[in-house]
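A.B. asks: Predicted model and sequence follow; I will ask about them next.
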Amino acid sequence: MEEEYVTIIEAARRVGMSDKTVRWAIHDSKLAAHYPRPNKAEVSMTDLLSWHTTLHVRPGETQDRLSKHWRHG
């Protein structure tokens, strides 16, 4: 079975976060991305879901708190 890759916008939609949060994760090397074309990043669904589960998201937690937690931690 071939790995599914999605754009940053689609990745953000699938995990319920902003595209900026996904971009920060890529920039901070917390989420792997590949570039099929210049300025066109894609992430694998396997990597996306693995990264998302490491955030330990709890119901009611704000995205802002999560961004501060892993971006500076």
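C.D. replies: Great, that's in hand.
A.B. asks: okay, and for this structure, where does confidence drop off?
C.D. replies: With pLDDT under 70 as the threshold, the chain has low-confidence stretches at 56-73.
A.B. asks: Pick out the residue closest to the middle of it.
C.D. replies: Val22 (3.6 Å; Cα atoms, centre = their mean).
A.B. asks: Would you mind measuring from it to Pro38?
C.D. replies: 19 Å (Cβ to Cβ, to the nearest Å). (Glycine included, C-beta is placed from N, CA and C.)
A.B. asks: Give the closest residue to Met45 in space, chain neighbours not counted.
C.D. replies: Distances taken as Cβ to Cβ, 6 or more residues apart in numbering place Glu4 nearest to Met45, at 4.5 Å, with adjacent residues excluded.
A.B. asks: Quick check: phi and psi on that neighbour?
C.D. replies: phi -90, psi 130 (degrees, to the nearest 10).
A.B. asks: got it, and Lys30?
C.D. replies: Dihedral angles of Lys30 (phi, psi; degrees, to the nearest 10) stand at phi -100, psi -20.
A.B. asks: Same question for the one 10 residues further on.
C.D. replies: Dihedral angles of Lys40 (phi, psi; degrees, to the nearest 10) stand at phi -130, psi 90.
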